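1. how would this look folded up:
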Amino acid sequence: MATHAIIAAPTPGGGWSGAVLDADGYPTAAAAALLSYIPRRFVTPADAARHFTVEHPHGYAALADGDPTKGFCYCHDGAEGDTQPYLYDQDSARGEADWAYVLADDGLRVIRVRAGWISDPETVPWGSSPEVLGALERRLNSWSPVR
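-> Down below sits the predicted model:
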């Protein structure tokens, strides 16, 4: 079963909106690729967020190793004529994704989505080693919403 994620940009008021990533959405895969590549490829996190949400609003089937921007994009590699963007926000992501990654100025915000609930974001500063994501993934996998 694929692990779905949302690659998102912050929105005014503290929310987020982004495009789908259909496979390998775990932090040790997707977040590690984003964390290591974005500071080398983009001038600012806002530029990266624009790339993943505005330039590719249909999202990705998967990210490519070493260069997440070269993954299979539904906008350009998918079926022609499909022009509807597939953007999700913190409300519509419930049930559509397992993880969300918000490309914020202060770092990559990692969010766990489970059973219609969304965890508080944990920010991993840009330039951090992707190795920190293993412990973060384990901690957030054990997270359970308080009802």
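
2. C-alpha only now, for contacts and for neighbours.
-> Noted.

3. tally of neighbours for residue 12?
-> Neighbours of residue 12 under the rule other Cα atoms under 10 Å: 7.

4. got the phi/psi numbers for residue 47?
-> Main-chain torsions, residue 47, degrees, to the nearest 10: phi -60, psi -40.

5. C-terminal to the lowest-mean-pLDDT helix or strand in the chain, what's the next element?
-> When each helix and strand of the chain is scored by mean pLDDT, DSSP states H and E, strand 87-89 comes last, with a mean of 72. Note on strand 87-89: by DSSP states H and E, the next helix or strand toward the C-terminus is strand 99-104.

6. which helices and strands does that next one pack with?
-> strand 5-10, helix 45-53, strand 107-114 (3 or more Cα pairs under 8 Å, 6 or more residues apart in numbering; DSSP states H and E).

7. Report the angle between the second one and strand 107-114.
-> Here helix 45-53 runs at 40 degrees with respect to strand 107-114, directions being taken by axes from the mean of the first three to the mean of the last three Cα atoms, to 10 degrees.

8. Need the contact partners of the following helix or strand past helix 45-53.
-> Sequence-wise, the next helix or strand downstream of helix 45-53 (DSSP H and E) is strand 60-64. Strand 60-64 is touched from outside by 19-24, 30, 33, 69-74, with contacts defined as Cα atoms under 8 Å, 6 or more residues apart in numbering.
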